[in-house]
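3D, please:
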Amino acid sequence: MGLKYIKKAPNYTEIVLKAKIFSTLILMIVILFLINKMPSTYKKAYAVVLNNQIVGYVKDKTEAQNLLTQIKKEVEERHNTDSFILQSKLQLKSIEPGQYRETRVDELKNTIIEKGKVLVKRYAIFVNSKPYFVFENPQTPNNILNKLKKVYYNDKASQAKFLEKVEIKPVYVSPAIKVADEATALTKIMFGKDQVIEYTVKEGDTLWDP
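Below you'll find the model as predicted:
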């Protein structure tokens, strides 16, 4: 009696399931690749708005932060200040897909600095709430006040007080305002040639306006 071989019939349901799983994996890989290569036009981006006017675009919040970092570095180095504000209103607004237009960050930075009306942090002597002179270093006006006391009170300078209300406070002024040096300011104060300045007391916590 000969042996009989029984050939197992193929499981078509299992084959179809494996094919579907394989096809799904391939599709997922393709989708991930396309998303990665997708033009910025189809990604979430932001318009940079200065004084209610769009001056450029950034592709994401990382690029927006990079823009702020570059602006801060440029202004602080150019004007020798540790703080500044913009008089013009600066906003970051999300836009719909398709509205994004590529803008070079360095060009956008220059536009904001030029059109934003930068005010830099300086220090002024206030006499009865009126500001006189502007200085880069907060120590300079302190030195001037101490020297004035020594000029008029000699060895009793440490106990001397001004009859008027005298304060040293930070101010935000145009970079065009010339800072005073210690010797010139001291001479002008002693001989009554005061220089009143224009300033703003606004503090800039952030460049972006919510």
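
what residues does stretch 174-185 touch?
Here stretch 174-185 makes contact (Cβ atoms under 8 Å, 6 or more residues apart in numbering) with 78-79, 117-120, 122, 125, 133-136, 140-141, 143-144, 195, 197-198. The C-beta positions use only the backbone N, C-alpha and C, and glycine is treated the same way.

so what strands line up beside the longest strand seen in the chain?
Counting residues, the longest strand in the chain under DSSP state E turns out to be strand 118-127. Take DSSP bridges as the rule and strand 118-127 pairs in its sheet with strand 84-86 (antiparallel), strand 130-135 (antiparallel), strand 166-173 (antiparallel).

beyond the longest one, next helix or strand please.
Of the helices and strands lying after strand 166-173 in sequence (DSSP states H and E), the nearest is helix 182-190.

adding mean neighbour count and mean pLDDT, write the strands paired with strand 118-127 out as TSV.
Compiled in TSV, the strands paired with strand 118-127 are given as follows (neighbours: other Cβ atoms under 10 Å; pLDDT from 0 to 100):
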stretch	mean neighbour count	mean pLDDT
strand 84-86	21	89
strand 130-135	20	88
strand 166-173	16	91
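
so what's the residue count around residue 124?
Around residue 124 sit 23 other residues, with neighbours defined as other Cβ atoms under 10 Å.

what about this protein, any weak spots by pLDDT?
Scanning the chain for pLDDT under 70 picks out 1-43, 155, 157-159, 193-210.
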